[in-house]
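A.B. asks: just coords:
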């Protein structure tokens, strides 16, 4: 076995372990109970019956992630890869806001965000399986749209640069 | 449905934070479930396997929890198949367009102090709350 294959086996098994741990956290937190998630967003019955549990999930997650991020992201590299691959963008554009808005509508409609949807689908919940199929469809739809758009842009750029070439030649 | 579970939710949150932190320490990446799942569908060589294993871990985890603690999936809402498909489609499309969901923008992004994530979280929390209000107000809470 070459060293690359060995390290990719390690990476894969580590990812499997992280996924298992994530699923356990989601289930313990109550995120796999869509009615609980919807109750967090439902203020119609007044504050007395509001369920703030989801805020405790976020707080618990950040309480661990903040110190680990501050401590570890200063290192040269992670344990199983040659470098960090973290987001660097800082611009706030219409896509970020539009995408987040659409996601929120979907989340509010059925109470499933992606992690709990996948975990519940693994638990053979019929409604989660259907929702995951819709989710994969939505992902593929956006990616295909993106591919088509970037191809169109490339071909427009290609033809305009050809036009410039021809103009320079004549 | 007004069962407030501060202890279990905090403990579950700590586990989610631990899993996200492990992904940073081991893989050097954001534990963004929508990004990782969307990445599986793109089928880039060398980038697909670990993502598939992560998603497999979520699915397998769900299956094992279902065997030993089925109560974790007991409190459901009733939604018709078309409503579930539309909801799922919006979740999938929106998270790809907005580069993240509750985990990547929520737990990881807010913790990193990312302005983009703060805007995303405020936006999806607001539209989720507005949607829950609309479903309750116009459809009596069921779809």
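C.D. replies: Structure's in. What do you need? What you see is a predicted model; the values in this text were computed from it and never measured.

A.B. asks: and the longest helix for chain A?
C.D. replies: Longest helix in chain A by number of residues (criterion: DSSP state H): helix A:126-169.

A.B. asks: Packing partners of it?
C.D. replies: The contact analysis (3 or more C-beta pairs under 8 Å, 6 or more residues apart in numbering or on different chains; DSSP states H and E) places helix A:126-169 against helix A:94-110, helix A:114-122, helix B:33-42, helix B:81-97. C-beta: built from backbone N, CA, C; applies to glycine.

A.B. asks: how about TSV for those, with mean neighbour count and mean pLDDT added?
C.D. replies: Compiled in TSV, the helices and strands packed on helix A:126-169 are given as follows (neighbours: other C-beta atoms under 10 Å in any protein chain shown; pLDDT from 0 to 100):
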stretch	mean neighbour count	mean pLDDT
helix A:94-110	24	98
helix A:114-122	31	98
helix B:33-42	22	96
helix B:81-97	25	98
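
A.B. asks: These: which one's closest to residue A:32?
C.D. replies: Closest to residue A:32 of the helices and strands packed on helix A:126-169 is helix A:114-122 (C-beta to C-beta; 4.8 Å).

A.B. asks: Dihedrals phi and psi, the most centrally placed residue in chain B?
C.D. replies: With distances taken as C-alpha atoms, centre = their mean, chain B has residue B:102 as the residue nearest its mean C-alpha position (5.1 Å). Per-residue torsions, residue B:102: phi -60, psi -30 (degrees, to the nearest 10).

A.B. asks: Which residue is the nearest non-sequential neighbour of it?
C.D. replies: residue A:113 (4.5 Å; C-beta to C-beta, 6 or more residues apart in numbering or on different chains).

A.B. asks: Am I right that the residue nearest to the centre of chain B is in contact with residue A:112?
C.D. replies: No - between residue B:102 and residue A:112 there is no contact under C-beta atoms under 8 Å: 10.3 Å.

A.B. asks: Let me know whether the helix or strand containing residue B:61 sits next to chain A.
C.D. replies: When elements are assigned from DSSP states H and E, residue B:61 belongs to helix B:49-68. Yes - applying C-beta under 8 Å from any C-beta of the partner chain, one finds helix B:49-68 in contact with chain A at B:49-51, B:53-66.

A.B. asks: Give me the pLDDT value at the residue nearest to the centre of chain B.
C.D. replies: Per-residue confidence at residue B:102 stands at 97 (pLDDT).

A.B. asks: What distance do you get for it to residue A:104?
C.D. replies: Residue B:102 is 10 Å from residue A:104, where distance means C-beta to C-beta, to the nearest Å.

A.B. asks: Overlap in contacts, these two.
C.D. replies: Jointly contacting residue B:102 and residue A:104 under the rule C-beta atoms under 8 Å, 6 or more residues apart in numbering or on different chains are residue B:124.

A.B. asks: so who does the closest residue to residue B:65 other than its chain neighbours touch?
C.D. replies: Leaving aside its sequence neighbours, residue B:65 sits nearest to residue A:27 (C-beta to C-beta, 6+ apart; 4.7 Å). Residue A:27 is in contact with A:119, B:12, B:61-62, B:65, B:69, B:72-73, counting by C-beta under 8 Å, 6+ apart.

A.B. asks: Give me the residue at the spatial middle of chain A.
C.D. replies: Central residue of chain A (C-alpha atoms, centre = their mean): residue A:114, 7.2 Å from the mean position.

A.B. asks: Isn't that one up against residue B:91?
C.D. replies: Yes - Residue A:114 lies in contact with residue B:91 (C-beta under 8 Å); the separation is 6.3 Å.

A.B. asks: so what sits against both of these two?
C.D. replies: Common neighbours of residue A:114 and residue B:91 (C-beta under 8 Å, 6+ apart) are A:135, B:34, B:101.

A.B. asks: From those, pick the one nearest residue A:51.
C.D. replies: Lowest distance from residue A:51 to these (C-beta to C-beta) belongs to residue B:101, with 20.5 Å.

A.B. asks: what about the closest one, how many neighbours?
C.D. replies: For residue B:101, the count of nearby residues is 31 (other C-beta atoms under 10 Å in any protein chain shown).

A.B. asks: which parts of stretch B:42-57 are buried?
C.D. replies: Of the residues in stretch B:42-57, B:50-57 count as buried by neighbour count, 16 or more other C-beta atoms under 10 Å in any protein chain shown.

A.B. asks: Give me the residues contacting it.
C.D. replies: With C-beta under 8 Å, 6+ apart as the test, stretch B:42-57 has contacts from A:8, A:11-23, A:118, A:143, B:23, B:27, B:36-37, B:39-40.

A.B. asks: Can you point out the buried residues in the longest helix along chain B?
C.D. replies: In chain B, with assignment by DSSP H, the single longest helix is helix B:115-139. By 16+ other C-beta under 10 Å, the buried positions in helix B:115-139 come out as B:116-117, B:119-121, B:123-125, B:127-129, B:131-132, B:135-136.

A.B. asks: Over to stretch B:59-67?
C.D. replies: Applying 16+ other C-beta under 10 Å to stretch B:59-67 flags B:59-62, B:64-66 as buried.
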